[in-house]
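Peer 1: Sequence and predicted model, in that order:
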Amino acid sequence: MKIKLFLSQNNITLLLIFLNFVSYLNYKVFLFSFIFFSVLIIKKSIVLSAKQSVYLKIIPINYYASSFIKVFVENSNSSIFWDMQNFTHYLRCNLSDFEYTYMNIKLVEPCWETIGYGPLSEILIFPFNNIWIFTLLLAFILTIFIFFFLKK
């Protein structure tokens, strides 16, 4: 009888809301809670309502959003987009010599002979000078793309 009370639709909804909030607080508690929830749902063959499905789908969004925010809180000079700046700087150098000041770390770098990303990086050309804006724009487009597929 207690198990049936525990598995009510309201309690499942509350557990999903708890999972969304705990993803911001503690990774180990989140992981344990999520495994517990998954085993419970699979073992009891519970079908989630439409609202509960939405709560389940936004768990990874909340988790990665909290991880992304923690990077900047813990290190305000974080170079989270370092690789993209590095790659586009190299592609810009295929057009002509170009010194670039990397955002957040204020490091000025000239063009390199190679960065080891393969033969296609030797052919491609990036014709713009504002690498940082392009990096942010690409991150924004990728985020919208991910949200689109999560919604589908």
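Peer 2: Great, that's in hand.

Peer 1: residues of the longest helix seen in the chain that come out buried?
Peer 2: In the chain, with assignment by DSSP state H, the single longest helix is helix 50-74. Within helix 50-74, the residues that count as buried by 16 or more other CB atoms under 10 Å are 52, 55-56, 58-59, 62-63. For glycine as for every other residue, the C-beta is placed from the backbone atoms N, C-alpha and C.

Peer 1: Export those as CSV, with columns for distance to Phe18 and pLDDT.
Peer 2: Below are the buried residues of helix 50-74 laid out as CSV (distance: CB to CB, whole Å; pLDDT from 0 to 100):
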residue, distance to Phe18, pLDDT
Gln52, 13, 88
Tyr55, 10, 87
Leu56, 12, 87
Ile58, 13, 87
Ile59, 11, 88
Asn62, 12, 84
Tyr63, 14, 84
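
Peer 1: would you turn those residues into JSON lines with distance to Pro119?
Peer 2: Converted to JSON lines, these look like this (distance: CB to CB, whole Å):
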{"residue": "Gln52", "distance to Pro119": "49"}
{"residue": "Tyr55", "distance to Pro119": "46"}
{"residue": "Leu56", "distance to Pro119": "43"}
{"residue": "Ile58", "distance to Pro119": "41"}
{"residue": "Ile59", "distance to Pro119": "40"}
{"residue": "Asn62", "distance to Pro119": "40"}
{"residue": "Tyr63", "distance to Pro119": "37"}
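
Peer 1: quick one: buried residues of the helix or strand hosting Ser38?
Peer 2: Using DSSP states H and E, Ser38 falls within helix 27-44. Buried positions in helix 27-44, judged by neighbour count with 16+ other CB under 10 Å: 30, 33-34, 37, 41.

Peer 1: who does that helix touch, helix- and strand-wise?
Peer 2: helix 9-25 (3 or more CB pairs under 8 Å, 6 or more residues apart in numbering; DSSP states H and E).

Peer 1: Residues touching the helix it packs on, excluding its own?
Peer 2: The contact list for helix 9-25 (CB atoms under 8 Å, 6 or more residues apart in numbering) reads 5, 29-30, 33-34, 37, 41, 46, 48-49, 51-52, 55-56, 58-59, 62-63, 66.
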